[in-house]
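J.: Have a look; sequence and predicted model below, questions after that.
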Amino acid sequence: MDILKNAVESIAVGLEDYELASSDERRVASCARNIFAGVLLLFKHKLVQLSPPDTDGGLIWKSGGKTTVGVKDIKKIFDSQGIKVDWKRIRKIQDFRNKVEHYYSGHSYESARSLISNLFIVINQFIRDHLDKEPKELLGHEPWSIMIEISEVYEREKAECGIKLEKLEYFCASILDAFKEFSCEECGSGLINPTLTDGEASESDFVCKACDYDLPYETIINSVISQYYDDAVYLALKEGDDTPIIECPLGCDGLYLYEDGICSSCGDGVEHKCRMCGNPIPPEELFMTPYCGYCNNMISKND
């Protein structure tokens, strides 16, 4: 089996499905399925290259048993080998594939553009940096041209959405950054527009340009923040560092941005420095502010 050839063919078929989806949206699912399979095959081709010589080039990497590796296993192997991949975009491609196949059948032709745009960025970097090939030569002129055209159109629309988002006022700059990176939870598109042209973001609705999913700020903000800080939260837990977001210590059901010292939902903040000992209050103890956990316990004992 020529894994690289299969990868190229799978991506090409996925792009053909995308073009056919303009008149038959049932093709969106096939597009997502083939594109994701193609990306995984590219990665597995690299694993073959990493295999020891005495395996005759066979794919020896396994996932704790007889099954071949999945995304998490590939990431672990690549990280150990210093092979850099934009895993955030890979997750977006995978999430799109999962949703369109298992949860929601109404993904539109327009929503698939974000899938192609993420694909273009991932495979352009991977093929050049880790397969030592030119993407256009490997994939062929037509598939490469299709990806470039789709990506350029999508990125222009993404930039237009960013300009509209920038015209609103946010509780802090991190919230604006999070909205700019947000992908619609219904269709996966990153084309999110506010309904207001100026004023407070917290007073606006936010609409996905691809699927028309419409939510007010107070409903969408937790998803926006969770998605944006997902990697940072994981890394903090792994390294034992302070988590960047917590439930609002003021009890508003929103998410509190620890470094910014403000809740993304209600816009209020609390003291981060203990009034008694002067030490910083850790995120998990902010609900006891203005004292840290130790000092709060000492006060309770004295009472």
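T.: Sure, I can see it.

J.: three-state assignment of the residue nearest the centre of the chain?
T.: The geometric centre of the chain, computed from its C-alpha atoms, lies nearest to Lys88 (C-alpha atoms, centre = their mean), at 4.4 Å. Reducing the assignment to helix, strand or coil with DSSP: H, G, I helix; E, B strand; the rest coil, the entry for Lys88 is helix.

J.: wait, isn't it in contact with Asp231?
T.: Yes - look at Lys88 against Asp231 with C-beta atoms under 8 Å: they come within range, at 6.5 Å. C-beta coordinates here come from the backbone N, C-alpha and C atoms, glycine included.

J.: And Cys263, how close does it get to Cys248?
T.: When distance is defined by C-beta to C-beta, to the nearest Å, Cys263 is 4 Å away from Cys248.

J.: Between the two, tell me which one has more neighbours.
T.: Per other C-beta atoms under 10 Å, whichever of Cys263 and Cys248 has more neighbours is Cys263, with 27 against 22.

J.: In terms of pLDDT, where does that one sit?
T.: Here the pLDDT value assigned to Cys263 is 98.

J.: which ones are touching it?
T.: For Cys263, the residues meeting the contact criterion (C-beta atoms under 8 Å, 6 or more residues apart in numbering) are Phe171, Cys248, Leu250, Cys252, Gly254, Leu255, Tyr256, Leu257, Gly269.

J.: could the residues you listed be laid out in CSV, adding distance to Cys187 and pLDDT?
T.: Conversion of the contacts of Cys263 to CSV gives the following (distance: C-beta to C-beta, whole Å; pLDDT from 0 to 100):
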residue, distance to Cys187, pLDDT
Phe171, 27, 98
Cys248, 29, 97
Leu250, 33, 95
Cys252, 29, 95
Gly254, 25, 97
Leu255, 23, 98
Tyr256, 29, 98
Leu257, 27, 98
Gly269, 34, 97
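
J.: which of those residues lies closest to His102?
T.: His102 has its nearest neighbour among the contacts of Cys263 in Leu255, at 27.1 Å by C-beta to C-beta.

J.: re earlier: what residues are shared contacts of Cys263 and Cys248?
T.: Shared contacts of Cys263 and Cys248 (C-beta under 8 Å, 6+ apart): Gly254, Leu255, Tyr256.

J.: Where neighbours are concerned, which of these has the most?
T.: Of these, Tyr256 is surrounded by the most neighbours, 26 neighbours in total, counting by other C-beta under 10 Å.

J.: Let me see the backbone angles for that one.
T.: Dihedral angles of Tyr256 (phi, psi; degrees, to the nearest 10) stand at phi -100, psi 130.

J.: That one and Glu271: what is the separation?
T.: The separation that Tyr256 has from Glu271, given C-beta to C-beta, amounts to 13 Å.

J.: can you give me the mean pLDDT across the strand or helix carrying Ala32?
T.: When secondary structure is defined using DSSP states H and E, the element that contains Ala32 is helix 27-50. With pLDDT averaged residue by residue, helix 27-50 scores 93.

J.: Then stretch 87-94?
T.: Averaged across stretch 87-94, pLDDT comes to 91.

J.: swap in stretch 137-144?
T.: Averaging pLDDT along stretch 137-144 yields 95.

J.: hmm, back to that, list the buried ones in the helix holding Ala32?
T.: Applying a neighbour-count criterion of 16 or more other C-beta atoms under 10 Å, one finds 27-47 buried in helix 27-50.

J.: who does it touch, helix- and strand-wise?
T.: Secondary-structure packing of helix 27-50 (3 or more C-beta pairs under 8 Å, 6 or more residues apart in numbering; DSSP states H and E): helix 3-20, helix 71-81, helix 87-98, helix 112-130.

J.: and with 6 Å instead?
T.: helix 3-20, helix 87-98, helix 112-130 (3 or more C-beta pairs under 6 Å, 6 or more residues apart in numbering; DSSP states H and E).

J.: which one's the longest helix in this structure?
T.: If each helix of the chain is counted by residues according to DSSP state H, the longest one is helix 141-166.

J.: contacts for the following helix or strand past it?
T.: Secondary structure here is assigned by DSSP H and E; on that basis, the next helix or strand after helix 141-166 toward the C-terminus is strand 168-169. Contacts of strand 168-169 from elsewhere in the structure, counted by C-beta atoms under 6 Å, 6 or more residues apart in numbering, are Pro194, Glu200, Ala201.
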